[in-house]
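A.B. asks: Fold the following, please.
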Amino acid sequence: MDQAVKKQVLRSFTYGLYLITVKDGEEANCFTANWVSQASFEPPMVVFSMENDSRSIGMIQRSGAFAVHVIPEGYRDFAGRMGRSSKQNPNKISEVEWEPGEVTGSPILKELAGWVECRLVGTLPAGDHTLMLGEVVNAGIGRDLRPLTLSEAGFKYSG
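C.D. replies: Model (predicted):
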(Lines give C-alpha, C1' and ligand atoms only; values in the text may rest on other atoms or scores of the structure.)
Protein backbone atom coordinates (compact mmCIF):
# COMPACT_ATOMS: atom_id res chain seq x y z
CA MET A 1 0.00 0.00 0.00
CA ASP A 2 1.21 3.47 -0.83
CA GLN A 3 1.34 5.16 2.61
CA ALA A 4 1.17 8.69 1.18
CA VAL A 5 -1.97 7.86 -0.81
CA LYS A 6 -3.55 6.18 2.22
CA LYS A 7 -2.91 9.30 4.35
CA GLN A 8 -4.24 11.59 1.64
CA VAL A 9 -7.49 9.63 1.33
CA LEU A 10 -8.00 9.22 5.09
CA ARG A 11 -7.35 12.94 5.61
CA SER A 12 -10.15 13.72 3.16
CA PHE A 13 -12.74 12.10 5.46
CA THR A 14 -14.85 14.81 7.09
CA TYR A 15 -14.94 15.15 10.87
CA GLY A 16 -16.16 17.58 13.45
CA LEU A 17 -14.17 18.38 16.58
CA TYR A 18 -15.62 17.42 19.94
CA LEU A 19 -14.65 17.69 23.57
CA ILE A 20 -15.09 14.51 25.61
CA THR A 21 -15.33 14.96 29.39
CA VAL A 22 -15.25 12.45 32.20
CA LYS A 23 -15.36 12.51 36.00
CA ASP A 24 -14.12 9.56 38.04
CA GLY A 25 -14.55 10.24 41.76
CA GLU A 26 -12.85 13.59 42.41
CA GLU A 27 -10.77 13.47 39.22
CA ALA A 28 -12.06 15.15 36.05
CA ASN A 29 -10.51 15.29 32.60
CA CYS A 30 -11.26 16.28 29.02
CA PHE A 31 -9.81 15.74 25.56
CA THR A 32 -10.47 16.71 21.97
CA ALA A 33 -11.81 13.96 19.72
CA ASN A 34 -12.69 13.87 16.05
CA TRP A 35 -13.69 10.24 15.45
CA VAL A 36 -17.22 10.69 16.87
CA SER A 37 -20.52 9.58 15.36
CA GLN A 38 -24.14 8.93 16.18
CA ALA A 39 -24.54 5.15 16.27
CA SER A 40 -28.27 4.53 16.89
CA PHE A 41 -31.65 6.29 16.90
CA GLU A 42 -33.37 4.03 19.47
CA PRO A 43 -31.97 4.07 21.96
CA PRO A 44 -29.97 7.16 21.03
CA MET A 45 -26.27 6.25 21.03
CA VAL A 46 -22.94 7.79 20.08
CA VAL A 47 -19.57 6.18 19.51
CA PHE A 48 -16.07 7.63 19.59
CA SER A 49 -12.55 6.34 19.35
CA MET A 50 -9.80 7.15 21.82
CA GLU A 51 -6.11 6.28 22.10
CA ASN A 52 -5.35 3.27 24.26
CA ASP A 53 -2.73 5.14 26.29
CA SER A 54 -5.11 8.00 27.13
CA ARG A 55 -5.44 9.03 30.76
CA SER A 56 -9.23 9.16 30.29
CA ILE A 57 -9.76 5.61 29.05
CA GLY A 58 -9.64 4.09 32.54
CA MET A 59 -11.66 6.98 33.96
CA ILE A 60 -14.48 6.33 31.49
CA GLN A 61 -14.40 2.58 32.10
CA ARG A 62 -14.49 3.04 35.91
CA SER A 63 -17.13 5.78 35.97
CA GLY A 64 -19.26 4.22 33.23
CA ALA A 65 -20.09 7.66 31.82
CA PHE A 66 -18.86 10.53 29.67
CA ALA A 67 -20.14 13.64 27.90
CA VAL A 68 -19.58 14.69 24.29
CA HIS A 69 -19.53 18.43 23.51
CA VAL A 70 -19.78 20.00 20.06
CA ILE A 71 -16.96 22.53 19.70
CA PRO A 72 -18.33 25.58 17.84
CA GLU A 73 -16.81 27.30 14.82
CA GLY A 74 -14.06 29.72 15.78
CA TYR A 75 -12.81 27.68 18.75
CA ARG A 76 -9.69 26.32 17.03
CA ASP A 77 -7.28 27.41 19.79
CA PHE A 78 -9.54 25.91 22.44
CA ALA A 79 -9.70 22.59 20.55
CA GLY A 80 -5.92 22.59 20.23
CA ARG A 81 -5.32 23.28 23.94
CA MET A 82 -7.77 20.61 25.03
CA GLY A 83 -6.28 18.17 22.52
CA ARG A 84 -2.86 18.21 24.16
CA SER A 85 -1.96 15.08 26.04
CA SER A 86 -2.62 15.03 29.78
CA LYS A 87 1.11 14.37 30.13
CA GLN A 88 1.72 17.82 28.57
CA ASN A 89 -1.23 19.54 30.26
CA PRO A 90 -2.44 17.45 33.23
CA ASN A 91 -4.94 20.02 34.55
CA LYS A 92 -6.42 21.30 31.29
CA ILE A 93 -10.00 20.94 32.54
CA SER A 94 -9.18 23.58 35.15
CA GLU A 95 -8.90 26.07 32.24
CA VAL A 96 -12.67 25.89 31.64
CA GLU A 97 -15.79 26.38 33.74
CA TRP A 98 -17.91 23.28 34.13
CA GLU A 99 -20.58 21.77 36.30
CA PRO A 100 -21.51 18.12 36.89
CA GLY A 101 -24.07 16.71 34.48
CA GLU A 102 -27.53 16.12 35.93
CA VAL A 103 -27.62 12.42 35.08
CA THR A 104 -24.03 11.09 35.00
CA GLY A 105 -22.01 13.76 36.80
CA SER A 106 -19.72 14.10 33.75
CA PRO A 107 -18.40 17.65 33.36
CA ILE A 108 -20.68 19.86 31.24
CA LEU A 109 -19.27 22.99 29.57
CA LYS A 110 -22.26 25.15 28.70
CA GLU A 111 -20.14 27.67 26.77
CA LEU A 112 -19.73 25.13 23.95
CA ALA A 113 -22.28 24.57 21.19
CA GLY A 114 -24.13 21.57 22.58
CA TRP A 115 -23.58 18.43 24.60
CA VAL A 116 -24.86 14.95 25.36
CA GLU A 117 -24.35 13.00 28.56
CA CYS A 118 -23.84 9.29 27.97
CA ARG A 119 -23.77 6.07 29.93
CA LEU A 120 -21.07 3.71 28.68
CA VAL A 121 -22.69 0.59 27.21
CA GLY A 122 -19.73 -1.05 25.51
CA THR A 123 -16.15 -0.88 24.32
CA LEU A 124 -14.37 -2.54 21.43
CA PRO A 125 -10.62 -2.78 20.84
CA ALA A 126 -9.66 -1.03 17.59
CA GLY A 127 -5.90 -1.36 17.07
CA ASP A 128 -4.13 1.50 18.88
CA HIS A 129 -7.55 2.95 19.83
CA THR A 130 -10.65 1.75 21.69
CA LEU A 131 -14.21 2.41 20.56
CA MET A 132 -16.50 3.72 23.31
CA LEU A 133 -20.26 3.31 22.81
CA GLY A 134 -22.58 5.36 24.97
CA GLU A 135 -26.32 5.72 25.34
CA VAL A 136 -27.42 9.36 25.35
CA VAL A 137 -29.23 10.05 28.64
CA ASN A 138 -29.33 13.87 28.61
CA ALA A 139 -28.61 16.73 26.18
CA GLY A 140 -28.38 20.50 26.07
CA ILE A 141 -27.54 23.45 23.84
CA GLY A 142 -25.19 26.18 25.01
CA ARG A 143 -24.72 28.33 21.89
CA ASP A 144 -24.94 28.24 18.09
CA LEU A 145 -24.57 24.63 16.95
CA ARG A 146 -22.38 25.28 13.91
CA PRO A 147 -19.51 22.85 14.60
CA LEU A 148 -15.80 23.39 14.18
CA THR A 149 -14.45 20.88 11.69
CA LEU A 150 -11.07 19.20 11.54
CA SER A 151 -10.54 20.74 8.11
CA GLU A 152 -11.44 24.27 9.27
CA ALA A 153 -9.07 23.94 12.21
CA GLY A 154 -6.27 22.77 9.92
CA PHE A 155 -5.58 19.75 12.14
CA LYS A 156 -4.43 16.43 10.66
CA TYR A 157 -5.25 13.26 12.58
CA SER A 158 -5.11 10.14 10.47
CA GLY A 159 -2.83 7.25 9.64
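
A.B. asks: residue ranges with poor pLDDT in the chain?
C.D. replies: Within the chain, the segments meeting pLDDT under 70 span 84-90, 149-150, 153-159.

A.B. asks: can you map out the helices along it?
C.D. replies: All helices of the chain, identified by DSSP state H, fall at 3-10, 55-63, 76-83, 150-153.

A.B. asks: Which one, of those, ends up nearest to residue 128?
C.D. replies: Nearest to residue 128 among these is helix 55-63; the distance by CB to CB comes to 11.8 Å. Placement of C-beta: from N, CA and C, glycine included.

A.B. asks: what's next to that closest one, contact-wise?
C.D. replies: With CB atoms under 8 Å, 6 or more residues apart in numbering as the contact definition, helix 55-63 has outside contacts at 20, 22-25, 27, 29-31, 50-51, 66, 86-87, 90, 104-106, 120, 123, 130, 132.

A.B. asks: Please type out the PyMOL selection for whichever of those residues turn out to be buried.
C.D. replies: In PyMOL, this line selects whichever of the contacts of helix 55-63 come out buried by 16 or more other CB atoms under 10 Å:
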select buried, resi 20+22+23+24+29+30+31+50+66+104+105+106+120+123+130+132
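
A.B. asks: before we move on, back to that, mind putting the helices of the chain into CSV with mean neighbour count?
C.D. replies: Formatted as CSV, the helices of the chain follow (neighbours: other CB atoms under 10 Å):
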stretch, mean neighbour count
helix 3-10, 10
helix 55-63, 18
helix 76-83, 17
helix 150-153, 18
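
A.B. asks: okay if I get those helices as JSON lines plus distance to residue 35?
C.D. replies: Shown next, in JSON lines, are these (distance: least, CB to CB, whole Å):
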{"stretch": "helix 3-10", "distance to residue 35": "11"}
{"stretch": "helix 55-63", "distance to residue 35": "14"}
{"stretch": "helix 76-83", "distance to residue 35": "13"}
{"stretch": "helix 150-153", "distance to residue 35": "10"}
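
A.B. asks: among these, which is nearest residue 36?
C.D. replies: helix 150-153 (10.8 Å).

A.B. asks: Contact partners for the most centrally placed residue in the chain?
C.D. replies: Geometric centre of the chain, nearest residue: residue 20, 3.1 Å, by CA atoms, centre = their mean. Contacts for residue 20 (CB under 8 Å, 6+ apart) come out as 30, 31, 32, 33, 36, 48, 50, 56, 66, 67, 68, 69.

A.B. asks: Specify the beta-bridge partners of it.
C.D. replies: Counting by DSSP bridges, residue 20 is bridged to residue 31, residue 68.
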